[in-house]
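Undergrad: fold the following.
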Amino acid sequence: MIRHWKADDEIDLQQHANNYNVSKYLRDRFPYPYTMNDALDWVNYMKGRKDDFNFAITINDKVIGGIGLELREDIYRKTPLLGYWLGEQFWGTGIMTEAVRLVADYAFNNLDIMSIQATVFSNNLKSMRVLEKVGFIKQGILKQCIIKNNEVFDEHIYAVFRNL
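TA: Coordinates of the predicted model:
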């Protein structure tokens, strides 16, 4: 299930987010180690937001991951950027594929957008597969444009489009 963030999500969030194997595929703004203060800051920040585009992924109301849309401006105003992560013990279960599908459907039904983009590090083949299962199409590869943990990666750009 996906739902909005709420008070008391911090413990589960910190437990699943504090994992090097999760963080190595994410931007540096997702810290590692992921402390309880990081979890508190995130949940408090999300509780104060007015938008409805960032969600906790849960099982039995316990947070196991996160997914959201970053609404952009200017020439990208109709193309939000999708981001997501999942606790390592849940990888390969189909949970993320379903979460991406739910958020994409939600976005196309509730936002004035023409497409959704997602970017993936070149070493994250499982995430590429998730996007492809939901109907995202690889739009291109930006060569050697990401530095994570002092290692250089390509960035794969995916998009899914509103059915016209």
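Undergrad: when you work out contacts or count neighbours from here on, use the C-alpha atoms and nothing else.
TA: OK.
Undergrad: state the distance from Asn44 to Ile2.
TA: Asn44 sits at a distance of 18 Å from Ile2 (criterion: Cα to Cα, to the nearest Å).
Undergrad: also Met46?
TA: Using Cα to Cα, we find Met46 at a distance of 14 Å from Ile2.
Undergrad: ok, back up a step: Asn44 and Ile2 - which one has more neighbours?
TA: A side-by-side neighbour count of Asn44 and Ile2, using other Cα atoms under 10 Å, places Ile2 first with 20 against 16.
Undergrad: so what sits opposite the more buried one in the bridge?
TA: Counting by DSSP bridges, Ile2 forms beta bridges with Ile57.
Undergrad: kindly report the same for Phe161.
TA: With DSSP bridges applied, Phe161 shows beta-bridge pairing to Ser115.
Undergrad: quick one: residues contacting it.
TA: Residues in contact with Phe161, defined by Cα atoms under 8 Å, 6 or more residues apart in numbering, are Met114, Ser115, Ile116, Phe136.
Undergrad: now render the residues you listed as JSON lines, adding pLDDT, distance to Leu26 and neighbour count.
TA: Conversion of the contacts of Phe161 to JSON lines gives the following (pLDDT from 0 to 100; distance: Cα to Cα, whole Å; neighbours: other Cα atoms under 10 Å):
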{"residue": "Met114", "pLDDT": "97", "distance to Leu26": "25", "neighbour count": "17"}
{"residue": "Ser115", "pLDDT": "98", "distance to Leu26": "22", "neighbour count": "19"}
{"residue": "Ile116", "pLDDT": "98", "distance to Leu26": "18", "neighbour count": "22"}
{"residue": "Phe136", "pLDDT": "98", "distance to Leu26": "19", "neighbour count": "20"}
